[in-house]
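Asker: 3D model of this:
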Amino acid sequence: MKKNILLLMLLFSAIAETLVAQRIKEKKPAIPERVINIDFNKTAGKLNTMFNECVGAGRANEGLRADWQQQLAYVKKECGFRYIRMHGLLTDDMAVYTEDGKGNPVYNYMYIDVLFDFLQSIGMKPFVELGFMPSALASGSKTIFWWRGNVTPPKDYGKWAALVQDLTRHFTARYGAEEVKTWYFEVWNEPNLDGFWAGTQEDYFKLYTYSAKAIKSVNASYRVGGPGTAGAAWEPEMIAYCDKHQVPIDFVSTHAYGVKQGYLDEFGNSGTVLDKNRMSVSGDVLQSRKEIASSTMPHLELHYTEWSASYTPADPIHDSYHEAAYVLQKLKQVGNAANSMSYWVFTDIFEEPGPRFTPFHGGFGMLNTQGINKPVFYAYQFLNRLGHIELENNDATSWVCRDSTGNIQVLAWDFTNTHPGDSVHNQQYYIRDLPSKSKGKLKVNIANVPDGTYALEIYKVGYHSNDAYSTYLSMGKPAQLNRQEVEQIKKQNDGSPVAREIVRVKAGVPFSKELEMRENDVFFLNMIKL
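Answerer: Coordinates of the predicted model:
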C-alpha cells in the first residue's frame, strides 16, 4: 500500500514538473531562427552601388589639412567613394574672390586647385557645391558656423554669374572638358533654412538660374542641379520653376536625417531623438523619387547629398555601434530610388561648431579626429567588398553577392531601434554602455555553390566588436588620448576577422553557416575560392 502511494506521489510530482516547464516555455517562446536562403545560380543583376557614389566633408578649407587628406585617402581606398561634397568652396578662407579699388572682380583659385588636384590624385571627383557667398560679393553680413560662411544673396547677380562662369572655365582648362562632364554642380546648401540662406525661395531660384546658365554657357553637357534643401523640401517647386522658365536642370538634390526635434543644432544643446518611424530617411527618398516621376521631368537624377541618423555633430549615435546597422537598414530600404546617398561626413575633422576638444563627441565622421574607425566605417567597408553580381534574396536585411571569380559575399545585419522614446535624448542615451540582447540564430544557406575549397572569413560589428566607443568608455572616457591610447583603441577595433576556416563544398550539398545574432550586429561573410 505504501509502495503504491509513493508511486502515485512520484507520478503527480512528474506531471506537476512537466506542467510547470510547459508554462515556463509558454511564457518564454523561443526566438525563431532567421534563415537566408540563396541560390548561387540565381542572379538579380549588377549590384547597385549608389551607397558609395558620394560622401560628405565639412568645408573646403579643411581639405587643405594633411590629416584630412590622409583620412580621405584611407576612406577612399577602403570604402570606394567616388565623389566628395563639401561646404565653403567660395567662402573667404578659400580666397577665391575680391574686388579692386574700382569694384572690378579679382579671381584666385590657388587653394581650390590644391584641393581638387589632391582629389584627382586619389581617384576622387568633386560634387561641387557652389557656396557660400564671398564677402566682397555679399549683400549682407549674416554668416553661419564658426568659420563664418556668408549666407546672403549676391549684391550683384551678374558678378555672381561671372564668377561661376570663370570658375567653370578654369576647371575646364585645368582638368579638361571630358573630366568636368563627369562632375556635378550643386547650387547652394539648404536654402529653405533661414540659417543657410538669408533670401526667399524666389531669391534662391534667381541664384540658381544665374548659376545654371553660367555653367552651361561653358559647356552644355556639364551637369547642374539643386535645390540641396533640408528635409526633402522644394523639389516639385524646383522642377516646376525650371520647366516654366526654361532653366537647365540635370538632377534634384536634397537632404534627410533620422531624428526628431528642431534643426541646425551645432552643439546638440536642444537634444535629438532617433525617430521610431521604421521608414525615416528612406521614406523621404522614396517620396522624392515619386515626386520626380510624376513631374514634367520624370527622368531627372536624384541625389541625397547629405544624410545620416542625426543632423547635429554632437550626437553620440554617430559614435555608437547602432549607427552601422542603421545605415545599412536605410540604404537597403532606399533600393534603386536614389542615384547617390552621400553620408554626412567621412571625418570628425569638421569645424562647424569650432574645433572639438574630446576624441568622441558625437561627430558626424566615420573616423574620429585621430583616425580611429567608428562602427559605421566598417558598414561602408563591407559594402565596398561586395561582389558586383547581386544574387536573388528575399531577406530584407542582407545583401548576398558574388564576383566573376566565384567568390561569395554575405552582408547581413539586425537593426533594432532600442531608443526608449521621446522622453530621453540621444545625448543621454547613446553615451552609455549599451549591451545588446540576443536576436536568436542567423542561418545562411547557399545552394549550388560550385564544388571546391573555400577560405571563409567572418567579420563582425556590434557591441564590443569593432566598437571603438565602448573601448573608449572602458578606458574611463579620457578627455584627451595619448599616442598609446589611440593605438590601443585602433588595435582592439582593427576590423580583423572574428573567425577563419577552410570550407570544403561538395556538389549538390548546400553551403550552410549558423551565427549567433544580437541586436544591431552586422556580419560580413567572405568566401574566397581557393
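Asker: which parts of the stretch 51-200 of the chain are helices?
Answerer: The residue ranges that make up the helices of the stretch 51-200 of the chain, judged by DSSP state H, counting those that start in this stretch, are 66-79, 110-121, 157-175, 177-180.
Asker: what's the closest of those helices to Val376?
Answerer: helix 66-79 (10.2 Å; C-beta to C-beta). All C-beta spots, glycine's among them, are computed from the backbone N, C-alpha and C.
Asker: contact partners of that closest one?
Answerer: Outside of helix 66-79, the residues within contact range by C-beta atoms under 8 Å, 6 or more residues apart in numbering are 52, 55, 57, 62-63, 81, 84, 118, 122-124, 346-347, 349, 366-367, 369, 371, 377, 380-381, 383-384.
Asker: I'd like to know which of those are buried.
Answerer: Among the contacts of helix 66-79, the ones that count as buried by 16 or more other C-beta atoms under 10 Å are 52, 55, 57, 62-63, 81, 84, 118, 124, 346-347, 349, 366-367, 369, 371, 377, 380-381, 383-384.
Asker: could you tell me which of those belong to strands?
Answerer: Where the buried ones among the contacts of helix 66-79 overlap with strands, as defined by DSSP state E, the overlap consists of 55, 57, 84.
Asker: turn those into a markdown table, including distance to Ala309.
Answerer: What follows is those, written out as a markdown table (distance: C-beta to C-beta, whole Å):
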| residue | distance to Ala309 |
| --- | --- |
| Val55 | 15 |
| Ala57 | 18 |
| Ile84 | 20 |
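Asker: ok, so of the residues you listed, who is nearest Asp422?
Answerer: Proximity to Asp422 was ranked across those by C-beta to C-beta; first place goes to Val55, at 30.9 Å.
Asker: so which of the helices of the stretch 51-200 of the chain is nearest Lys332?
Answerer: If you check each of the helices of the stretch 51-200 of the chain against Lys332 by C-beta to C-beta, helix 66-79 wins as the nearest, at 17.0 Å.
Asker: list the buried residues in that closest one.
Answerer: Per 16+ other C-beta under 10 Å, helix 66-79 contains these buried residues: 68-69, 71-72, 74-76, 78-79.
Asker: export these as TSV, with columns for distance to His322 and pLDDT.
Answerer: Putting the buried residues of helix 66-79 into TSV (distance: C-beta to C-beta, whole Å; pLDDT from 0 to 100) gives the following:
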residue	distance to His322	pLDDT
Trp68	26	98
Gln69	30	98
Gln71	23	98
Leu72	25	98
Tyr74	23	98
Val75	21	98
Lys76	25	98
Glu78	21	98
Cys79	19	98
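Asker: possible to save these as TSV with distance to Val187?
Answerer: Supplementary listing: these in TSV, determined by distance: C-beta to C-beta, whole Å:
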residue	distance to Val187
Trp68	25
Gln69	27
Gln71	28
Leu72	24
Tyr74	31
Val75	26
Lys76	26
Glu78	31
Cys79	27
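Asker: ok, those vs Asp451, which is closest?
Answerer: Distances from Asp451 to these, taken as C-beta to C-beta, are shortest for Glu78 (32.6 Å).
Asker: for that closest one, give its distance to Glu178.
Answerer: In this structure, Glu78 and Glu178 are 28 Å apart, going by C-beta to C-beta, to the nearest Å.
Asker: just Gln329 next, same as before
Answerer: The span separating Gln329 from Glu178 equals 38 Å under the rule C-beta to C-beta.
Asker: so those two - more neighbours on which side?
Answerer: Neighbours per residue (other C-beta atoms under 10 Å) separate Gln329 from Glu178, with Gln329 holding more: 23 against 10.
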